[in-house]
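Student: Got a sequence here, can you model it:
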Amino acid sequence: MEHGTAAQASLGTEERSLLFHAGVRSHDPDPPPQLDEAAQARVLRKLNWTIVPWLLSFALVCYLDRNNLGFAALQLTRDLRLSCHEYGLGAGIFFVGYTLFQVPLSFGVSRFGAPVWLGGICVVWGAVAVVMAGISSFPAFLALRLLLGVAESSAFPGIYQHLAAFYSPREMTSAYPKVSSANAAASVLGAPLAAAILRLDGHWGLAGWQWLFALEGGLALVFGLCMRLCMPAGPQSARFLTSKERRWLHARQTSSAARQESSRSSLAVLRAVVLDWRVLYLALCWLVIACSMYGLLFWTPLYVKSMFGEVVGPGTGRVERKLQSVASPLPAPSSPPPPPPP
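Tutor: Numbers count the residues shown, from 1 in each chain. Down below sits the predicted model:
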């Protein structure tokens, strides 16, 4: 017990904050229970069937709202009279906000807790997507795409932090890829879903692209509220675990956080990571992959239009049918994999 208290006392300010909002308190009067291997495996299965589906669905909604611009491209550029240059600028400015705000906003999970922060940003980007259904000018298109990038910037760092509240570093190597499979799910579901929604073109006076932004943005609004109300914040609030399992998981994660604390300052650690040639090399590889994949994702509709001619009828034309066959198997790029366990 004295050893556990000393380990918890050695936690830094950021670790204390993250564990507090994850439901891990710095003092537990009762000694942690011990679980055998079968019981530990049972806890892991419960996590995989509860925490992973929440975050997988969150990532799926994120990809749908991020990538639906590519499916809306034909109708959007026609109705707003956007040139290819203006459309490309709007597609790309998303990543300006995404890049600039990803690191600073990633501290939101440790400050407010995952249900509040992740649910909140999901509601925000859903609201931005719904508002995009009402745009009528190029400046509004740019502003909302930039804001969407800011809102989604901390989504995947937040996913990783929330997984770390439940999983050990070694378990993360299998848990995080499960969540990242949302990119494949978004590719399989996103294309036919977008094609079906675009066929609503003209209903209630709205264009198909307006329906697309409104419905998929509305989905994010609802899901964000559900996350805020229902997703467990950490081991101690995980009602799907028994009391004994919660106490064991709480103690394990607290001990793991204490062991991983570095004796160096946060600035020194950040400097070492930024200057590590392996990190820079992998970042460059990811940049090339993301540029290629998002380039295809956002520009495929216009490529198809240039090859097959004009649209024949709203929402049901030859271009849309060709687009479905081309875009459906196209995988959206997933987030980079987590670091290997120590």
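Student: Any regions of this structure where pLDDT drops low?
Tutor: Scanning the chain for pLDDT under 70 picks out 1-30, 258-266, 309-342.
Student: repeat that with 80
Tutor: Residue ranges of the chain with pLDDT under 80: 1-33, 187, 256-270, 305-342.
Student: Keeping just the C-alphas, turn whichever helix or strand residue 146 is part of into CSV.
Tutor: Per DSSP states H and E, residue 146 falls inside helix 138-152. The C-alpha trace of helix 138-152 is given here as CSV (Å, rounded to 0.1, in the frame of the first residue of the first chain):
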residue,chain,number,x,y,z
PHE,A,138,-17.0,30.9,-51.7
PRO,A,139,-15.9,32.8,-48.5
ALA,A,140,-18.4,30.9,-46.4
PHE,A,141,-17.2,27.6,-47.9
LEU,A,142,-13.6,28.4,-46.9
ALA,A,143,-14.5,29.6,-43.4
LEU,A,144,-16.5,26.5,-42.6
ARG,A,145,-14.0,24.0,-44.0
LEU,A,146,-11.3,25.7,-41.9
LEU,A,147,-13.5,25.5,-38.8
LEU,A,148,-14.3,21.8,-39.5
GLY,A,149,-10.5,21.1,-39.5
VAL,A,150,-10.1,22.8,-36.2
ALA,A,151,-13.0,20.9,-34.7
GLU,A,152,-11.7,17.5,-35.8
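Student: Other residues contacting the helix or strand following that helix?
Tutor: Proceeding N to C from helix 138-152, the next assigned helix or strand is helix 155-164, under DSSP H and E. Identification of contacts with helix 155-164 by C-beta atoms under 8 Å, 6 or more residues apart in numbering yields 18, 22, 51, 55, 58-59, 62, 102, 106, 108-110, 114, 117-118, 121-122, 172, 175-176, 179, 335, 338. For glycine as for every other residue, the C-beta is placed from the backbone atoms N, C-alpha and C.
Student: how about the nearest residue to residue 59, chain neighbours excluded?
Tutor: Excluding the flanking residues, the one nearest residue 59 by C-beta to C-beta, 6 or more residues apart in numbering is residue 182, at 3.6 Å.
Student: What is the burial count for the one you found?
Tutor: By other C-beta atoms under 10 Å, the residues close to residue 182 number 25.
Student: show me what contacts it?
Tutor: Residue 182 sits next to 56, 57, 59, 60, 62, 63, 334 when contact means C-beta under 8 Å, 6+ apart.
Student: go on, residue 226?
Tutor: residue 119.
Student: The contacts of helix 155-164 in helices, which ones?
Tutor: If you go by DSSP state H, the contacts of helix 155-164 have 18, 51, 55, 58-59, 62, 102, 108-110, 114, 117-118, 121-122, 172, 175-176, 179 in helices.
Student: In this structure residue 302 contacts residue 76, no?
Tutor: No. Checked against C-beta atoms under 8 Å, the pair residue 302 and residue 76 is beyond contact range at 10.8 Å.
Student: Understood, closing this out.
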